[in-house]
Structures are given as structure tokens and as C-alpha cells.
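K.L.:
fold the stuff below for me.
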Amino acid sequence: MLTPNIRNKETDPKELNIINTALNLFIRVNLDRVSMQQIALAAGVGKTTLYQFFESKNDLLAALLLNDEQELEEFLDKPEYLSDSSLILEKYIRFRLQSFEKYKVLHQIEIKLESEGNPPDRFLLWKNLRGRHIDYLVRHIQEGSNESDAEINPAHYYGLIWAIIHGAAQLSDSKFFHQMMGDRRGFVQFITDFTKKIASE
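P.N.:
Below you'll find the model as predicted:
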């Protein structure tokens, strides 16, 4: 299995190294059982350096969410996608499902930070950016849908796509899923084709 990574060109390479080290520790161990000291050690930096970039563990968690969403921004912000709603949707689904493990950790982080009071500023920035991306995708789903579906809320289409992506990631924990599906790439391709069809019919 390839090591899941976040690739954000705008982030300092040292900071991004810490973020990706933390992501992979959270995947292998557990979100709540990994300490900042363990992250610093695994990333090959001192705790002083770690705290130069992140005020707290929650700030680091929020940075994971924000950097992933900023990478999606780079992913979607390409001229060739602007006139092709179907292609935008395909790229979005592939981005979200490039690693089931990464998706699940990011979802756990969202739940954790949402449930705690006084979330870090980066978490609020992430929520704002994610909201803009959802609006962007809903608009393109609406533009690509059939006129006969005009009465259906395009946000519901997006909600269905989100539910399918989320469900696929959660299914990956099941041994039965692996036995039944076998070919993960083929399954992701099926999800992509199916959701594009739903949004365009």
C-alpha cells in the first residue's frame, strides 16, 4: 500500500513533512494515542520546531484538514475542468478516494474538532474553504444535470455523492468488503462512473 500523503505546494516543506508524518502515524496507530512527542520524533524534528508550526495537537489536526482541502483547490483549479462538469465530478471523487485510510482519518479529525469547544483558527478556515468547494461542485452538478431534473435540489445530488464516498471508505474496514471487491481500483472506477451518471441524468 502506498503511503498516503498531502501535497500542498503552498506549505513550507518542513511543515508538510510534519503533517504527513502525523497523518501516517494516525493511520497506523490511532488518532488519540499519538502524542506530539511521537510525531516530532517520527518527523525527525525537535519539539521546539514542532511548536513553531503548530500551537497544539488540535492545531496540527486542523492543519491536516486545511492542507488537504487546499490541495483539492489546486486539483480543481484547472482551466480544462471549468467547462466540463462531468470531469470536475470525476476528479473530485478520485481525489477523495485516493486513499480510504486518509479519508477516514480526516473524517475522525473533523468529528473530534467539531465536538470540542474553541476550535483552532485553521479549523474555521478549513470549514470556510470546504463550504466554497461544496458550492462550486453543486453549481457544476446543476449545470450538468438534465433540465427535467430542475425541481431536484442539486445539493441533494452532492449529498448522495458524499454519502457514497463516505460509505466506500467505511466499507474498507470490512474483511468481507476486501473478499467481495478484490479490485479496489475497479470499485473506485465504478463509483466514479455511477455517480457521474446519477448527476448527469
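K.L.:
alpha carbons only: can I get the helix or strand containing Leu23 in PDB?
P.N.:
In this assignment (DSSP states H and E), Leu23 forms part of helix 13-28. Taking Å, rounded to 0.1, in the frame of the first residue of the first chain, the C-alpha atoms of helix 13-28 are listed here in PDB:
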ATOM      1  CA  PRO A  13       8.200  21.700   3.300                       C
ATOM      2  CA  LYS A  14       9.200  21.200   6.900                       C
ATOM      3  CA  GLU A  15       5.600  21.800   8.000                       C
ATOM      4  CA  LEU A  16       4.300  19.500   5.300                       C
ATOM      5  CA  ASN A  17       6.700  16.800   6.400                       C
ATOM      6  CA  ILE A  18       5.300  17.000  10.000                       C
ATOM      7  CA  ILE A  19       1.700  16.900   8.600                       C
ATOM      8  CA  ASN A  20       2.300  13.800   6.600                       C
ATOM      9  CA  THR A  21       4.300  12.100   9.300                       C
ATOM     10  CA  ALA A  22       1.300  12.800  11.700                       C
ATOM     11  CA  LEU A  23      -1.200  11.500   9.100                       C
ATOM     12  CA  ASN A  24       0.600   8.200   8.700                       C
ATOM     13  CA  LEU A  25       1.000   7.800  12.400                       C
ATOM     14  CA  PHE A  26      -2.700   8.400  12.900                       C
ATOM     15  CA  ILE A  27      -3.400   5.800  10.200                       C
ATOM     16  CA  ARG A  28      -1.100   3.200  11.700                       C
END
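K.L.:
for burial, what's the neighbour tally of His133?
P.N.:
15 (other CB atoms under 10 Å). Any C-beta I mention is one placed from the backbone N, CA and C, and that applies to glycine too.
K.L.:
scratch that, Glu73
P.N.:
15.
K.L.:
list the buried residues in stretch 109-125.
P.N.:
Within stretch 109-125, the residues scored as buried using 16 or more other CB atoms under 10 Å are 109-110, 113, 119-120, 122-123, 125.
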